[in-house]
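> Sharing a model prediction with you, sequence too.
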Amino acid sequence: MKSPIKISAAARARLVIDMQPWRAKAGVELIPAIVWEKSEVSIGAFKETERHEILARIRSDNGYEYVLCTADEDAEGVVGKTLDYQDGKYVLV
């Protein structure tokens, strides 16, 4: 499904780094989860084995799959923004 946000090259590169230990612990591929709550961004993940359960929530930005997790009332506020990695943290700009 079309992406409501863009993901910068810096954020993609950092997601690869951040996902490595989780992937090793899980033993399977992971789908990044971008969590937007109270104007803060955090990162989580879903296991590839959960794909069928979250299929309707998976988005793609130029082939990079992720799940955007946000409360319904906050969803409009992220549309058109870009996930970036700046000064050691993820931000929506």
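Happy to help now that I have it.

> from here on, contacts and neighbour counts on C-alpha atoms
OK.

> Tell me the secondary structure of the residue positioned nearest the centre of the chain, please.
Centroid check for the chain by C-alpha atoms, centre = their mean gives I34 as the closest residue, at 3.1 Å. The three-state label given to I34 by DSSP: H, G, I helix; E, B strand; the rest coil is strand.

> That one bridge partners, please.
I43, L68 (DSSP bridges).

> you'd agree it is up against I43?
Yes: I34 lies in contact with I43 (C-alpha atoms under 8 Å); the separation is 5.0 Å.

> buried residues in the longest helix along the chain?
Counting residues, the longest helix in the chain under DSSP state H turns out to be helix 9-26. Buried positions in helix 9-26, judged by neighbour count with 16 or more other C-alpha atoms under 10 Å: 11, 14-15, 19, 22-23.

> again with stretch 73-91
For stretch 73-91, by 16+ other C-alpha under 10 Å, it's 78, 82-85, 90-91.

> outside of that stretch, which residues touch it?
Stretch 73-91 is touched from outside by 4-11, 14, 36-37, 40-42, 92-93, with contacts defined as C-alpha atoms under 8 Å, 6 or more residues apart in numbering.

> Those: which two are farthest apart?
Greatest spacing in the contacts of stretch 73-91, by C-alpha to C-alpha: A9 and E37 (22.6 Å).

> of the buried residues of helix 9-26, closest to E65?
L15 (11.5 Å).

> Quick one: residues contacting that closest one.
P32.

> Quick check: phi and psi at E37.
Dihedral angles of E37 (phi, psi; degrees, to the nearest 10) stand at phi -140, psi 130.

> That one contacts T70, correct?
Yes: if you go by C-alpha under 8 Å, E37 and T70 touch, sitting 6.2 Å apart.

> In terms of neighbours, single out the busier of these two.
Each of E37 and T70 has its neighbours counted (other C-alpha atoms under 10 Å); T70 has more, 17 against 13.

> what comes up buried for stretch 58-67?
Applying 16+ other C-alpha under 10 Å to stretch 58-67 flags 58-60, 65-67 as buried.

> Which of those residues sits closest to T49?
The nearest one, if we look at these relative to T49 and count by C-alpha to C-alpha, is I58, at 13.3 Å.

> My read is that the closest one contacts Y66, right?
Yes: in this structure, I58 is within contact of Y66 by C-alpha under 8 Å, at 5.7 Å.
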